[in-house]
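> My questions concern the predicted model and sequence given below.
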Amino acid sequence: MVRIVRATEAELKAAVTALREGDVVAFPTETVYGLGANAQDPKAVRRVFELKGRPADHPLIVHLDDARYLHRWAREVPDSARRLIERFWPGPLTVVLPRTESVSDLVTGGQDSVAIRVPSHPMARQLLTSFGGGIVAPSANRYGRISPTRPEHVREEFGAAIRIVLDGGESQIGLESTIVAFDPAGAVQMLRPGHITVSQLEAVVGPVTPPGAEHSPVRVPGSTQSHYAPSTPMTIVPTDEIDTRAAQSSAGGQRIAVLAQRLPAHTYSHVTWINASRRPEVYARDLYANLRILDKAGCAQILVQDPPHDERWAAVHDRLRRGAASRAD
């Protein structure tokens, strides 16, 4: 059972004061924990980039408490965007729209577009409403690493560098939001898969271009080849090979970590094995927490059983593929 918590008045006041003073706070959303800063304070936004080690051209998502403030950030909202917003906000959908002149280049990564969403987590909504403005909030982890879904993950990443971490329990969804963009005619392209699938989008707006089907000039968070990566090298293994690979890799005493969707066929003395859920929404919610556990197990590598290949698993596959990619740094 996922624990949903609301902030106390004192916690909320402290977080709002910190944001208004240009500080950075960590707070929960339904997707992952975010590293929040005042979206209209360039110094605070720079602090987010510094803490994460994030490239300056990698845009941030602006979080709002209500769609009625969209006009302050986006100069145009096509009809297809409005329909998706009406259906999925508050929730795990980010829309990329032409920005207004007041939006900083720091927020957009120098692009003429801005990414915006309205989260549904009650504590995030409390914070946004009390603050009364936009908050940029990339995932509260070092750039390219595993995203946090629990407050302790944020503390592990940053320690005392983040003074305020609002504890909203475990993230309900556990993977970053679906991101969509719109061409001049209003046609929709998914740029990052998430909890909301292509089919769900198409039920509202008709045909949607899936990720990778055509090149988009828009840069969005989490689009680099290597991202969401543990420190331990990770490999995706076909389902029927996971036991064989575990046995082979652990031969000679090498410690191996495994994320599978079933129990091991045999007992392996040098293998740390997590039996994850076969339900896509539960697997996704637990994915980052499971990878963090395996990453701290002191193993030579992480083997991940290839999940099913249907639309409900698209976001999981995207995160695993990027997490398993060779890191450029």
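Received the coordinates, thanks. Just so we're clear, the structure is a prediction, and the values are computed from it rather than from any experiment. Numbers count the residues shown, from 1 in each chain.
> how many other residues sit next to the closest residue in space to Met123 that isn't next to it in sequence?
Closest residue to Met123 apart from its sequence neighbours, by Cβ to Cβ, 6 or more residues apart in numbering: Gly168 at 4.0 Å. Every C-beta, even on glycine, is put in place using the N, C-alpha and C of the backbone. A count of nearby residues for Gly168, using other Cβ atoms under 10 Å, gives 25.
> what's the distance between Gly168 and Arg312?
Gly168 sits 25 Å away from Arg312, going by Cβ to Cβ, to the nearest Å.
> Also Pro238?
19 Å.
> neighbour-wise, which of those two wins?
It is Arg312, of Pro238 and Arg312, that has more neighbours when counted by other Cβ under 10 Å, with 16 against 10.
> Report how many residues lie close to the residue nearest to the more buried one when sequence neighbours are not counted.
With sequence-adjacent residues excluded and distances taken as Cβ to Cβ, 6+ apart, Arg312 is closest to Pro280, at 4.2 Å. Per other Cβ under 10 Å, the neighbour tally for Pro280 reads 19.
> Next up, the contacts around Pro280.
Pro307, Pro308, Arg312, Trp313, Val316 (Cβ atoms under 8 Å, 6 or more residues apart in numbering).
> Any of the residues you listed buried? List them.
Listed as buried from those are Pro307, Arg312, Trp313, Val316; burial here means 16 or more other Cβ atoms under 10 Å.
> where exactly do the strands run in the stretch 101-250 of the chain?
113-117, 135-136, 164-165, 178-182, 188-192, 208-209, 234-237 (DSSP state E, counting those that start in this stretch).
> Adding distance to Ile61, mean pLDDT and mean neighbour count, write those out as a markdown table.
Shown next, in a markdown table, are these (distance: least, Cβ to Cβ, whole Å; pLDDT from 0 to 100; neighbours: other Cβ atoms under 10 Å):
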| stretch | distance to Ile61 | mean pLDDT | mean neighbour count |
| --- | --- | --- | --- |
| strand 113-117 | 4 | 98 | 26 |
| strand 135-136 | 7 | 98 | 26 |
| strand 164-165 | 19 | 96 | 20 |
| strand 178-182 | 8 | 97 | 25 |
| strand 188-192 | 10 | 97 | 21 |
| strand 208-209 | 20 | 96 | 19 |
| strand 234-237 | 26 | 97 | 17 |
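> so which of those comes closest to Arg82?
Evaluated with Cβ to Cβ, the strands of the stretch 101-250 of the chain place strand 178-182 nearest to Arg82, the distance being 10.4 Å.
> Now do that closest one: which elements does it pack against?
helix 79-88, strand 93-98, strand 188-192 (3 or more Cβ pairs under 8 Å, 6 or more residues apart in numbering; DSSP states H and E).
> Compute the distance from the centre of the last one to the centre of its chain.
Yep, that's strand 188-192 we're talking about. When C-alpha coordinates are averaged (Cα atoms, centre = their mean, to the nearest Å), strand 188-192 and its chain have centres 15 Å apart.
> same check, this time on the first one
Computed by Cα atoms, centre = their mean, the chain-centroid distance of helix 79-88 equals 21 Å.
> so what does that helix touch, helix or strand wise?
strand 93-98, strand 178-182, helix 198-205.
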